[in-house]
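In: Sequence and computational prediction follow.
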Amino acid sequence: MHTHRKAWMGVCAALLSAVLLSGCTGTDEKDGQETLYLFNSKGENAEQFQQMCDDFTAETGIPTNAFSVGSGQDAIEPLRAQMNSKNPPAIFSMQGIKELHEWKESGRALDLTTVTDPDFKQIVDGIPADLRLTTDGQAIYGIPYNVEGYGFMVDSQMIADLFGADNAEAVIAALRDCSYEEFQAFCEAADAYIEAPSAASVALSGNTFQFLPQKTGRAQKLTGVFAFAGSEDWTYGDHLVNVALNAVFATAAEANAATDTQLDSLQGPLTAYAEALDFITQHVGGLKGATPRGSDLISAAGFGYDQSVQMYADGNDIFLQQGNWAAENIAKVDAEVANRSSFIPIKLPLTDDMIKTGKTAAEFNRCIPVYAPNYYAINAKASETAQQNAIRFLTWMQKPENVQKYIVGSFRAVPYNATPDTELTDSLSKSILQYMQEGRTLSAPYHGTPGTWSSDVLGRKLMEEYLTKADWTEADYAAIAEYGISTWKERKAAQS
């Protein structure tokens with residue numbers, strides 16, 4: 001859950017900084033060669049990252065010293081401490097544009113397009129436009145660590161238990177392609193089925209499917225259509241609103257440079273976002289039954305991240321809006337569910353005229369967001385030798401055999417440059433790769449919004465004033481959109 005962990009309390013950060021400053025003072029030289037220092041923000045793969053560094057040293061003779069943050073811990077304070085230590089990292093990881101500003105201003109983020117090494121230049125030039133860490137579309141400041149994607153997860157066995165095993169694959173394919181209105185009708189039919197099963201029909205993408213007349217298998221445990229983490233404002237702040245932002249901004253860099261005219265054109269997409277969130281939160285199933293909007297829905301005890309995963313994995317709900325990073329947590333509850341799950345797109349009631357990024361509404365609703373959550377950057381203030389070693393390391397890391405061995409095999413991640421030959425191991429990653437190969441992807445413009453606008457401003461407003469409110473109106477949709485636009489403008493003005 002990469003971008004959504006709470007920062008440490010100030011005292012802990014200060015203590016950790018002191019530890020880091022004292023712990024990284026050795027020169028660690030080997031055979032007269034300068035040590036390559038690396039900072040890894042993904043604590044979950046600390047052991048695997050260390051092994052990769054050891055393998056690089058064994059192959060090249062260049063000594064390495066890797067520091068990884070603790071699993072689940074915010075990385076920015078430890079990175080600041082490392083940057084001010086005796087041996088600052090030559091390679092460090094950062095989370096997109098939001099962190100880039102600090103390292104650009106301090107002169108530490110190297111523009112990778114200035115590197116002349118031909119192999120490295122080929123890597124940088126090959127990063128797809130919508131995955132580039134850039135603020136102006138020209139300078140590039142990082143190599144993507146991986147890509148992540150999200151949408152509505154669905155378990156093929158649940159669909160089989162609703163429509164019959166012979167129809168499961170066709171239903172999921174139709175859900176991937178269907179319109180918002182068809183998806184809405186599907187969810188309403190499913191909700192009616194949960195209350196009173198019957199052999200009702202539902203139309204999707206030109207096909208008609210019939211529910212089984214009686215509940216069977218996993219369908220017997222259903223309490224609602226959607227598992228929903230109401231206490232986690234980033235799920236409907238960052239991630240759900242990000243889908244709508246793609247209607248106006250094709251990349252995070254475009255959102256970062258948003259004009260007032262562009263922000264005004266978000267009125268339609270953000271209204272559609274509010275309408276979709278209204279619909280989702282009318283069809284939530286909890287651990288004990290259908291759950292209406294109200295104080296329970298935003299309770300961490302009942303509707304936190306872990307509970308929403310539990311509801312989905314246990315079969316209380318058909319869909320869970322989450323990303324492939326949740327695969328491990330789902331597997332802890334039920335490994336078979338994780339192995340059977342794939343993504344369908346988050347559908348929004350958009351019209352063609354709302355979309356300024358070159359897609360029709362039909363095409364838009366067939367795509368999922370796929371983006372780079374973390375990047376490897378090079379410290380422009382490191383010595384020339386350290387920078388050359390950093391370039392060599394990142395070039396080595398991007399060799400196809402090393403991508404397969406480390407990014408896929410050790411880190412269990414989806415490479416940003418995955419090909420049809422990339423052998424992914426988990427079902428959700430394979431689902432992302434399919435969308436990538438079909439060109440059915442959106443980006444992460446929310447990474448380019450001011451500060452924590454999407455979660456702490458818009459998401460918090462929704463949590464406190466709307467998810468506790470029984471009925472929403474079209475005036476509420478418009479008010480949500482207007483609030484999102486006005487607060488973005490205010491924050492943008494404060495930053496400039």
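Out: Alright, I've got the coordinates.

In: Identify each buried residue in stretch 55-71, please.
Out: By 16 or more other C-beta atoms under 10 Å, the buried positions in stretch 55-71 come out as 56, 57, 62, 63, 64, 65, 66, 67, 68, 69. (Glycine included, C-beta is placed from N, CA and C.)

In: Distance across that stretch, terminal residue to terminal residue?
Out: Counting by C-alpha to C-alpha, to the nearest Å, you get 22 Å between the two ends of stretch 55-71.

In: Also stretch 343-352?
Out: Terminal-residue distance, stretch 343-352 (C-alpha to C-alpha): 24 Å.

In: buried sites along it?
Out: In stretch 343-352, counting by 16+ other C-beta under 10 Å, buried: 343, 344, 345, 346, 347, 348, 349, 350.

In: What's the local residue count around residue 97?
Out: Close neighbours of residue 97, defined as other C-beta atoms under 10 Å, add up to 22.

In: Repeat that for the one 5 residues further on.
Out: Close neighbours of residue 102, defined as other C-beta under 10 Å, add up to 15.

In: What distance do you get for it to residue 53?
Out: 25 Å (C-beta to C-beta, to the nearest Å).

In: How about residue 496?
Out: Taking C-beta to C-beta, one finds residue 496 at 40 Å from residue 53.

In: Ok, residue 303 next?
Out: Plainly put, residue 303 is 40 Å away from residue 53 if you go by C-beta to C-beta.

In: show me what contacts the residue nearest to residue 375 when sequence neighbours are not counted?
Out: Leaving aside its chain neighbours, residue 375 sits nearest to residue 142 (2.7 Å; criterion: C-beta to C-beta, 6 or more residues apart in numbering). By C-beta atoms under 8 Å, 6 or more residues apart in numbering, the contact list for residue 142 reads 94, 100, 112, 133, 372, 375, 376, 377.

In: Model confidence at the closest residue to residue 277 other than its chain neighbours, what's the number?
Out: Using C-beta to C-beta, 6+ apart and skipping residues adjacent in sequence, the residue nearest residue 277 is residue 236, 5.7 Å away. Looking at residue 236, its pLDDT reads 97.

In: doesn't residue 276 make contact with residue 236?
Out: No: in this structure residue 236 lies outside contact range of residue 276 using C-beta atoms under 8 Å: 9.6 Å.

In: Can you pick out the residue with more neighbours from those two?
Out: Applying other C-beta under 10 Å to residue 236 and residue 276 shows that residue 236 carries more neighbours, namely 26 against 23.

In: thinking again about what came up before, ok, so of the contacts of residue 142, who is nearest residue 435?
Out: Nearest to residue 435 among these, counting by C-beta to C-beta, is residue 372 at 15.1 Å.

In: The closest one reaches residue 141, doesn't it?
Out: No: with contact defined as C-beta under 8 Å, residue 372 does not count as touching residue 141 (11.8 Å).

In: shared neighbours of the two, anything?
Out: With C-beta under 8 Å, 6+ apart, residue 372 and residue 141 have common neighbours residue 133.

In: residue ranges with poor pLDDT in the chain?
Out: Within the chain, the segments meeting pLDDT under 70 span 1-32, 72.

In: Can you give the domain ranges for it?
Out: Domains of the chain are assigned by automatic domain parsing as 10-147+372-398, 149-370+443-448.

In: among these, which is the most enclosed?
Out: A comparison of those by mean neighbour count, using mean count of other C-beta atoms under 10 Å, puts domain 149-370+443-448 on top with a mean of 20.

In: pretty sure residue 278 belongs to a helix, no?
Out: Yes: counting by DSSP: H, G, I helix; E, B strand; the rest coil, residue 278 falls inside a helix.

In: So the nearest residue to it once chain neighbours are set aside, which state does it fall into?
Out: Of all residues not flanking residue 278 in the chain, residue 472 sits nearest, at 4.5 Å (C-beta to C-beta, 6+ apart). What three-state DSSP gives for residue 472 is coil.

In: who touches residue 472 in this structure?
Out: Per C-beta under 8 Å, 6+ apart, neighbours of residue 472: 274, 278, 466.

In: Repeat that for residue 144.
Out: Contacts of residue 144 by C-beta under 8 Å, 6+ apart are 127, 131, 133, 372, 374, 375, 416.

In: Which members of the residues you listed are the farthest-apart pair?
Out: It's 127 and 374 that sit farthest apart of the contacts of residue 144, by C-beta to C-beta, at 13.7 Å.

In: Against residue 481, how distant is the closest residue to residue 262 other than its chain neighbours?
Out: Counting by C-beta to C-beta, 6+ apart, residue 262 lies nearest to residue 248, which is 5.7 Å off, once chain neighbours are set aside. Relative to residue 481, residue 248 is positioned 12 Å away (C-beta to C-beta).

In: got any residues that touch both of these two?
Out: Shared contacts of residue 248 and residue 481 (C-beta under 8 Å, 6+ apart): 266, 269.

In: tell me the helices in the stretch 151-300 of the chain, going along the chain?
Out: In the stretch 151-300 of the chain, the helices defined using DSSP state H, counting those that start in this stretch lie at 156-163, 168-177, 180-195, 233-234, 241-245, 252-256, 260-264, 267-280, 300-303.

In: so which of those comes closest to residue 294?
Out: helix 300-303 (10.6 Å).

In: any residues touching whatever helix or strand comes next after the closest one, and which ones?
Out: For helix 300-303, the following helix or strand on the C-terminal side (DSSP states H and E) is helix 305-314. For helix 305-314, contacts defined as C-beta under 8 Å, 6+ apart pick out 1, 153, 155, 221, 223, 227-229, 231-232, 235, 285-287, 301, 317, 319-320, 322, 326, 329-330, 333-334, 337-338.

In: now swap in stretch 166-180 and tell me
Out: 154, 156-157, 159-160, 162-163, 183, 186, 204-207, 209, 276, 342, 344-345, 347-350, 361-362, 365-366.

In: same thing but at 7 Å, please
Out: With C-beta atoms under 7 Å, 6 or more residues apart in numbering as the test, stretch 166-180 has contacts from 154, 156, 159-160, 163, 204-205, 207, 209, 342, 344-345, 347-349, 362, 365-366.

In: Strands - which of those land there?
Out: Of those, the ones assigned to strands by DSSP state E are 154, 204, 207, 209, 342, 344.

In: Helix or strand: which one has residue 482?
Out: According to DSSP H and E, residue 482 maps onto helix 474-495.

In: Which residues belonging to that helix are considered buried?
Out: Quick answer for helix 474-495 (16+ other C-beta under 10 Å): 476, 477, 479, 480, 481, 483, 484, 485, 487, 488, 491, 492.

In: Let me have those in TSV, adding distance to residue 291 as columns.
Out: What follows is these, written out as TSV (distance: C-beta to C-beta, whole Å):
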residue	distance to residue 291
476	20
477	22
479	24
480	21
481	26
483	25
484	25
485	30
487	29
488	31
491	33
492	36
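
In: Name the member of those residues with the shortest distance to residue 459.
Out: residue 484 (10.1 Å).

In: I'd assumed residue 458 was in contact with that closest one.
Out: Yes: the pair residue 484 / residue 458 is scored as a contact, 5.0 Å apart, by C-beta atoms under 7 Å.

In: and residue 330, how far is that from residue 310?
Out: 9 Å.

In: same check, this time on residue 477
Out: According to C-beta to C-beta, residue 477 stands 31 Å off from residue 310.

In: what's the span of stretch 441-454, first residue to last?
Out: OK, stretch 441-454 end separation, C-alpha to C-alpha: 20 Å.

In: If you could redo that for stretch 399-410, that was the one I meant.
Out: End-to-end distance (C-alpha to C-alpha), stretch 399-410: 15 Å.
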